[in-house]
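>>> attaching a predicted model along with its sequence, questions to come.
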Amino acid sequence: MNSGVRIFRIGGRRTRLGRLLLAGEVVDAEPAPSHELRTVPGWVVSHVISGSGIYRQGGGGEQTIVPGMVTVVAPGVPHLYGTLPGGRWTELFAVVTGPLADALAAAGVLAGSGPRLPRTPVSAPALRAVIAAGQPTATDAEHQLLALAGLLADITAADTPDPRDPVKEACALLTEDLQAPVNLREVAAAVGLPYDTFRRRFVAEVGQSPLAYRNGRRIRDAAGLLRMTTMTVRQIARLYGFHDEFHFSRRFRAHFGVPPSAYRRDSG
């Protein structure tokens, strides 16, 4: 991918759930310079994939931004963020406003302002697919906002797991990278339980096995991309770590009762 700044959307459709005011990415480049604090009328969400920089807020100190961090800024908060002079980074960003964003703020999903390092790594391909999706209709725009809200909820939920609840912590570990293989015995050890105890307790509290929970999450996330993007079934299958599109299609049909192509057509 060529370096530079790419804008996916400026002034998206107005919907019942709100509006995606701005979305884009910076690829191995210096963000647009900003030497003075500024305010934005919506919630700013930025995910830095590579490179580093700073965040500064009115009345507060300076914080360092490193790869993997998500920076959230509340509407109207004076701030600036970006690379140091001459620096470069790769970043995905979006600005959202409206009732859905307000509800996320009230629930603590969008909380405070500043950079934070989520415990669960952000899936940059999934985030890019969501914010770059087209908005042919208001319904498409609402689905886009809901998909973005789902990603934000996953990130913040895993940011502060309750160490007293090994099953909740295991859920975070099982979904921290849906594209990579997972070792269930390592997950059990990470939450401090023998494997057999971990599996029994997980089934009792969640209602399904750890692997079934993880696979269901992979399929549901993939379904969101089928609804929201023009990615091919093969591309989505690769993104979520399936052997090929046929393996993915069998799993998808077992979960939803229809193949991916029919699901996409019926959701359109």
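Structure received. Numbers count the residues shown, from 1 in each chain.

>>> distance of Ala106 from Arg13?
To Arg13, Ala106 is 23 Å away according to Cβ to Cβ, to the nearest Å. In short, each C-beta sits where N, CA and C put it, glycine included.

>>> so which of the two has more stuff around it?
Arg13 (17 against 10; other Cβ atoms under 10 Å).

>>> pLDDT score for the more buried one?
The confidence metric pLDDT takes the value 88 at Arg13.

>>> ditto for Asn215
85.

>>> what about it, how many residues nearby?
Asn215, neighbours per other Cβ under 10 Å, totals 19.

>>> is it true that it lies in a strand?
No. Using DSSP: H, G, I helix; E, B strand; the rest coil, the assignment for Asn215 is helix, not a strand.

>>> surely it touches Phe252?
No. Using Cβ atoms under 8 Å as the test, Asn215 is too far from Phe252 to be in contact (10.6 Å).

>>> all helices for this protein, in order.
99-106, 124-131, 138-159, 166-174, 184-190, 195-206, 210-228, 233-239, 245-256, 260-267 (DSSP state H).

>>> of those, which is nearest Arg116?
helix 138-159 (6.5 Å; Cβ to Cβ).

>>> tell me the angle the closest one makes with helix 166-174.
120 degrees (axes from the mean of the first three to the mean of the last three Cα atoms, to 10 degrees).

>>> in helix 138-159, which residues are buried?
140-145, 147-152, 154-158 (16 or more other Cβ atoms under 10 Å).

>>> swap in stretch 126-135?
126-133, 135.

>>> chain center to it, what's the gap?
11 Å (Cα atoms, centre = their mean, to the nearest Å).

>>> measure it end to end?
One end of stretch 126-135 sits 17 Å from the other (Cα to Cα, to the nearest Å).

>>> just give the nearest non-adjacent residue to Pro181, would you?
By the measure of Cβ to Cβ, 6 or more residues apart in numbering, the closest residue to Pro181 outside its immediate chain neighbours is Gly241, 7.3 Å from it.

>>> ok, now which ones touch that neighbour?
178-181, 218 (Cβ atoms under 8 Å, 6 or more residues apart in numbering).

>>> any chance of those in a markdown table with pLDDT and distance to Arg264 as columns?
As requested, the contacts of Gly241 are exported to a markdown table (pLDDT from 0 to 100; distance: Cβ to Cβ, whole Å):
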| residue | pLDDT | distance to Arg264 |
| --- | --- | --- |
| Leu178 | 74 | 19 |
| Gln179 | 73 | 21 |
| Ala180 | 76 | 25 |
| Pro181 | 80 | 27 |
| Arg218 | 83 | 17 |
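
>>> can you pick out the most distant pair from those residues?
Taking Cβ to Cβ, no two of the contacts of Gly241 sit farther apart than Pro181 and Arg218, at 11.9 Å.

>>> in stretch 47-58, what counts as buried?
Those would be 47-49, 51, 53, 55-57, for stretch 47-58 by 16+ other Cβ under 10 Å.
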